[in-house]
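Novice: mind looking at a prediction? Sequence and model below.
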Amino acid sequence: MQICGVDDAGRGSMLGPLVIAGVSLDKKNIRKLSALGVKDSKKLTAKKT
């Protein structure tokens with residue numbers, strides 16, 4: 001089974017630059033992303049010093 005994701009950052013052509021990225025991988029490879037430390041940025045908390 002393929003897992004796909006798309007994300008964007010920026011404001012777009014009307015207000016500034018926009019970056020869009022997509023990724024597709026086999027479901028069995030999701031654990032490899034976790035091992036590399038890849039996380040959902042919306043689930044991260046602010047870094048405490």
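Specialist: That came in fine, so what should we check first?
Novice: where in this protein is pLDDT low?
Specialist: The model of the chain has pLDDT under 70 over residues 13, 44, 48-49.
Novice: let's go with 90 and repeat that
Specialist: 3, 5-20, 23, 28-49 (pLDDT under 90).
Novice: could you look up the SS state of Val38?
Specialist: Three-state call for Val38 (DSSP: H, G, I helix; E, B strand; the rest coil): coil.
Novice: state the distance from it to Gly16.
Specialist: 26 Å (C-beta to C-beta, to the nearest Å). Heads up, the C-betas are built off the backbone N, CA and C, glycines and all.
Novice: who has more neighbours out of the two?
Specialist: The residue with more neighbours, out of Val38 and Gly16, is Val38; 11 against 8, by other C-beta atoms under 10 Å.
Novice: distance check, the spatially closest residue to Ile30 that is not a sequence neighbour against Leu25.
Specialist: Here the nearest residue to Ile30 in space, its sequence neighbours aside, is Ile3; by C-beta to C-beta, 6 or more residues apart in numbering that works out to 6.6 Å. Distance of Ile3 to Leu25, given as C-beta to C-beta: 6 Å.
Novice: next one: Lys32
Specialist: For Lys32, the distance to Leu25 - C-beta to C-beta - is 8 Å.
Novice: over to Gly5?
Specialist: 9 Å.
Novice: please, where are all the strands along the protein?
Specialist: 2-10, 18-26 (DSSP state E).
Novice: can I get the ones you listed in JSON lines including distance to Lys43 and mean neighbour count?
Specialist: Output for the strands of the chain, formatted as JSON lines (distance: least, C-beta to C-beta, whole Å; neighbours: other C-beta atoms under 10 Å):
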{"stretch": "strand 2-10", "distance to Lys43": "13", "mean neighbour count": "10"}
{"stretch": "strand 18-26", "distance to Lys43": "17", "mean neighbour count": "10"}
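Novice: could I get the ones you listed as JSON lines with distance to Thr45?
Specialist: Output for those, formatted as JSON lines (distance: least, C-beta to C-beta, whole Å):
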{"stretch": "strand 2-10", "distance to Thr45": "19"}
{"stretch": "strand 18-26", "distance to Thr45": "23"}
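Novice: and these: which comes nearest Lys42?
Specialist: Closest approach to Lys42 among those is made by strand 2-10 (9.8 Å; C-beta to C-beta).
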